[in-house]
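Peer 1: below are the sequence and a predicted model for it; my questions follow.
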Amino acid sequence: MKRVLSFHVKRLHKETNGQALVFIVLVLFSLVCLFALTINVGHRINNKIQMQNAADASALTAAVWNARGLNAISVLNVSMTECLALIIMFEAFDDTLEYAKIAVDINIPIATALSNLPYIGWLFAIWKACLEVTKQALNTVFKGINEIMQAAIDPLWNIMKGLRYAEIGISYAAPAMALVDASRVARLNGADPITDAFSESLTDLIPDILEPYALLLPVFDRLPVKDDADFKDLCPPTKHGGPGYRHFLCWDSALGMEIGPIELRNALGILWATTSCIVPPPAAAWYIFLELHYQALCTGQSQSRDMDTSTADCSECEDNNGVQTWRGVKVEVSPQDHTCTGVNPDALTGQDLGTRNSCNVGTIIRQNPCARCVTSTRTRTVSCNCSEPDCTVGCGDGDGFGTKQVTQYFVETWALEECIYQKEYTVDDTSPSDKPAPLMLADDWQERMNHTAITIKIVGDWLSLHAYEEGGEELIGPEKTTWGIARAQIYNPSGSDLFNQDWRVKMSPCDLENLNLGFGVTLPQSISSFADTAVKEIIIH
Amino acid sequence: MTKHAIHRIRLCRDNRGQAMTEFCVAMPALVLMFWAIWYITDIYVVKFNTQVAARYGTWLLARNHDVQKSNVDTFIARRFFDSDSSKLTITAQHRGSNSAEGNSSSFQNSAQQNSDSGEWVDRIINFIGSAFMGSDAPSMHSLKVECEVPLIFGALNVTDYAMDNAKITSEHYVVGNTWNGCQSDVHDMFDMIQSILGDLLDRIVGGGDADYGEGKP
């Protein structure tokens, strides 16, 4: 028996039949696997590209809707400004008429008295006649125009109220539309319902119309507008000084409304010019009343009166102790007399560095209200020709050159470019306007201008190799889910306020570490860092 | 035992040439497999090209509705398909279009599958665009890029035998830019209100229904 077994083993070793067959089977199996791998990789990349495209389009859609909302609010704000300008003109017209009536009543007795003068009395008689005609005109034509204007003021305020309600509605509607349309675009671009990432059975529970095909972050965030803003909030002093209402309420633009080829305010000015026999002329009073009314409506008080344009406040650059830091140089600024004293480095410690705004060197510094200048000296050793009188060191070696100590003078200047004008401007609280003011951007608007979209697609492998890894069960999990993530940003190149109808969108890099979830909630730092890393890995995958 | 039978037994027992025979049998299979891997990869490359081209073209159209579709076609062919447009079919569609190249019915069918609620969204946007902004830009754009690839089975080009080429298709949807830099000065507001009122009056007097979906390709 043992001999027979030994014979068979030896024969197996020597026999070469079927050797090539085994080899070919192995090679064929490898090739089939390679074939499957090719298809799987292609399939996955295909879906990955599709999802990234879907996420991009979805994020863009959300941002576009919000930008549309901001543009619409800007248009309505401008409309409100126009109504406001009309109201101001109408009120100024009323005041000018009152003034003209009083002035003409004072002028007429004077003209009557002067018309009795010898030789030149006829001139005053003409003036008197002109005044009487003007008085008649004031009591008929001007009065009639004024009555129409005054009757229009209340409807204009009501139009402004209506526009404001519309703006508030838009601030809620635009993000809602963003939510709906971002999901729709994601679906059209091939995304699966986002709930599929967790469970397909969850998808069945949600009605089709509510099924989210893109996870949009922030989930729902009202447009970043502040609806408790008052006119006074719209009129802060500008960075470079001067009353802010000229810019924020489109002063020139709104008052520059045209009737035909002439600006409305100038047309009314020409109308008042016909009453110029009144002294002082009502046309001049018209422009003064116009300005005063604008200021009064804006803040309830004159801004230029309280505005300290000569002081630029650099408190933005200072810490609580009044210490400014700039390129490692610390300067202490006295809040009382605005004098600057060096704190760091040692060379500057205790030095008087001038006052907050005084600097006599260079136009660059003068142009910057937060500029500082330092004058200092230092001693340096330089080589010199031994023939020079101060060149005494090292001249004994015969080469004709030595060294000498020289004092160099430096005027160091620096400008706190990041210093922003932040002067607090106190407005009389007793004169808040109860009138509907245009909406303005919320304080945190910049953080709320980013929209992130996440899309998913369930992707099966051709060979379902992962299923065998999981014991043959078909599992829905991350290994079968392809993700796409994108972020779009809203910006305004023409100036970030709600009077410029130029809000646009652009794609921007994903930054999950600063993710706004909406409803005022932000992701905790630890989780957001983890999510950022995880998503970056998913993207690489 | 006949002479013929002896030869047959010897042929069966003799293993000379066996490897050669197996090689001859396996070689075509191996070559076919290698070719298939190459061919599939090639098809995926075309697929990726169509995907990227569809996305790029759609974004071009959506970003600026003054862009002509023919320019986009040329651009796609040059940039993604080595200027070979003979095998390309590019179809641009946008919401509500009646133009020949924008087949609105098929677009809406595909866009509104699963009871899509998007039509009223587009109507609102197109109304705002046409009535307030003076823009007739469509609210959504789509571009379908089809590229024909020959059906090849090894050395055999199947399409030579009256079969159609396979078509690799990708489609992308993106919202259109309906605002397009509207920066009306405050003075324009009166003109705008006037034009809106005039437009509405024309529609009421003319009796025609508003065609909000009209858009340039």
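Peer 2: On my side now, so go ahead. Every value quoted in this text rests on a predicted model; they were computed, and no experiment measured them. Numbers count the residues shown, from 1 in each chain, chains lettered A, B, ... in the order given.
Peer 1: every contact and neighbour count from this point should use C-alpha atoms.
Peer 2: Noted.
Peer 1: show me the shaky parts of the stretch 401-541 of chain A.
Peer 2: Scanning the stretch 401-541 of chain A with the threshold set as pLDDT under 70 gives A:406-434, A:461-480, A:511-541.
Peer 1: tell me which residue of it lies closest to chain B.
Peer 2: Nearest residue of the stretch 401-541 of chain A to chain B (C-alpha to the nearest C-alpha) works out as residue A:501 at 5.3 Å.
Peer 1: who does the helix or strand containing residue A:136 touch, helix- and strand-wise?
Peer 2: Assigned by DSSP states H and E, residue A:136 falls within helix A:121-137. When contacts are defined as 3 or more C-alpha pairs under 8 Å, 6 or more residues apart in numbering or on different chains; DSSP states H and E, helix A:121-137 packs onto helix A:19-114.
Peer 1: tell me the mean pLDDT for the helix it packs on?
Peer 2: Per-residue pLDDT over helix A:19-114 has a mean of 86.
Peer 1: what about the stretch 201-350 of chain A, any weak spots by pLDDT?
Peer 2: Checking the stretch 201-350 of chain A against pLDDT under 70 turns up A:201-204, A:208-209, A:230, A:232-256, A:259-260, A:295-350.
Peer 1: one more time with 80
Peer 2: A:201-210, A:227-262, A:293-350 (pLDDT under 80).
Peer 1: give me the next element, helix or strand, following the lengthiest helix in chain B.
Peer 2: If you go by DSSP state H, chain B has its longest helix at helix B:18-63. The helix or strand immediately downstream of helix B:18-63 is helix B:69-80, counting by DSSP H and E.
Peer 1: how far off helix B:18-63 does that following helix point, in degrees?
Peer 2: Angle of helix B:69-80 versus helix B:18-63, following axes from the mean of the first three to the mean of the last three C-alpha atoms, to 10 degrees, is 140 degrees.
Peer 1: against which helices or strands is helix B:69-80 packed?
Peer 2: Here helix B:69-80 touches helix B:18-63, strand B:88-94, going by 3+ C-alpha pairs under 8 Å, 6+ apart.
Peer 1: output these in TSV, with mean neighbour count and mean pLDDT appended to each entry.
Peer 2: TSV is the format used below for the helices and strands packed on helix B:69-80 (neighbours: other C-alpha atoms under 10 Å in any protein chain shown; pLDDT from 0 to 100):
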stretch	mean neighbour count	mean pLDDT
helix B:18-63	18	83
strand B:88-94	24	83
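Peer 1: any figure for the gap between residue A:443 and residue B:166?
Peer 2: 57 Å (C-alpha to C-alpha, to the nearest Å).
Peer 1: got it, and residue A:101?
Peer 2: Applying C-alpha to C-alpha to residue A:101 and residue B:166 gives a distance of 89 Å.
Peer 1: likewise residue A:70?
Peer 2: 47 Å.
Peer 1: please apply the same query to residue A:80.
Peer 2: Residue A:80 is 59 Å from residue B:166, by C-alpha to C-alpha.
Peer 1: and for residue A:123?
Peer 2: 101 Å.
Peer 1: if we can go back for a sec, neighbour count for residue A:80 and residue B:166, which is higher?
Peer 2: More crowded of residue A:80 and residue B:166, by other C-alpha atoms under 10 Å in any protein chain shown: residue A:80, with 27 against 15.
Peer 1: how about the nearest residue to the residue in the stretch 51-200 of chain A positioned nearest to chain B, chain neighbours excluded?
Peer 2: Nearest to chain B, among the residues of the stretch 51-200 of chain A, is residue A:57, at 5.5 Å (C-alpha to the nearest C-alpha). Leaving aside its sequence neighbours, residue A:57 sits nearest to residue B:174 (C-alpha to C-alpha, 6 or more residues apart in numbering or on different chains; 5.5 Å).
Peer 1: can you tell me how far the one you found is from residue A:56?
Peer 2: Distance from residue B:174 to residue A:56, by C-alpha to C-alpha: 9 Å.
Peer 1: then residue A:80?
Peer 2: For residue A:80, the distance to residue A:56 - C-alpha to C-alpha - is 36 Å.
Peer 1: one more: residue B:27?
Peer 2: Counting by C-alpha to C-alpha, the gap from residue B:27 to residue A:56 is 47 Å.
Peer 1: same check on residue B:8?
Peer 2: Distance from residue B:8 to residue A:56, by C-alpha to C-alpha: 72 Å.
Peer 1: more neighbours, those two?
Peer 2: residue A:56 (27 against 11).
Peer 1: how about the more buried one: what's its closest non-neighbour residue?
Peer 2: Closest to residue A:56 by C-alpha to C-alpha, 6+ apart is residue A:486, at 5.2 Å.
Peer 1: can you classify the one you found by secondary structure?
Peer 2: Classification of residue A:486 by DSSP: H, G, I helix; E, B strand; the rest coil places it in strand.
Peer 1: now do the contacts for it.
Peer 2: A:52, A:55, A:56, A:59, A:452, A:453, A:454, A:507, A:508, A:509, A:510 (C-alpha atoms under 8 Å, 6 or more residues apart in numbering or on different chains).
Peer 1: who's in contact with the closest residue to the last one other than its chain neighbours?
Peer 2: The shortest distance from residue A:510 to any residue other than its chain neighbours is 5.5 Å, reached at residue A:487 (C-alpha to C-alpha, 6+ apart). If a contact means C-alpha under 8 Å, 6+ apart, then residue A:487 has A:56, A:59, A:60, A:450, A:451, A:452, A:453, A:507, A:508, A:509, A:510 as its contacts.
Peer 1: dump those to TSV, plus secondary structure.
Peer 2: Shown next, in TSV, are those (three-state DSSP):
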residue	secondary structure
A:56	helix
A:59	helix
A:60	helix
A:450	strand
A:451	strand
A:452	strand
A:453	strand
A:507	strand
A:508	strand
A:509	coil
A:510	coil
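Peer 1: of the residues you listed, keep whichever come out buried.
Peer 2: A:56, A:59, A:60, A:450, A:451, A:452, A:453, A:507, A:510 (16 or more other C-alpha atoms under 10 Å in any protein chain shown).
Peer 1: I'd say the first one and residue A:455 touch.
Peer 2: No - under the criterion of C-alpha atoms under 8 Å, residue A:56 lies out of contact with residue A:455, with a separation of 9.3 Å.
Peer 1: what sits in contact with each of those two?
Peer 2: Joint contacts of residue A:56 and residue A:455 (C-alpha under 8 Å, 6+ apart) are residue A:485.
Peer 1: looking at chain B, which helix or strand does the model trust least?
Peer 2: In chain B, the helix or strand scored least confidently by mean pLDDT, DSSP states H and E is helix B:104-111, which has a mean of 40.
Peer 1: which parts of the stretch 401-541 of chain A sit against chain B?
Peer 2: A:500, A:501, A:502 (C-alpha under 8 Å from any C-alpha of the partner chain).
Peer 1: most neighbours among those residues, which one?
Peer 2: residue A:501 (28 neighbours).
Peer 1: hang on, it in a strand?
Peer 2: No - looking at residue A:501 with three-state DSSP, it is coil, so not inside a strand.
Peer 1: shouldn't residue A:191 be in contact with residue A:213?
Peer 2: Yes - Residue A:191 lies in contact with residue A:213 (C-alpha under 8 Å); the separation is 6.2 Å.
Peer 1: need the residues touching each of these two.
Peer 2: A:455, A:456.
Peer 1: just the element for residue B:174, please.
Peer 2: Per DSSP H and E: strand B:166-175 holds residue B:174.
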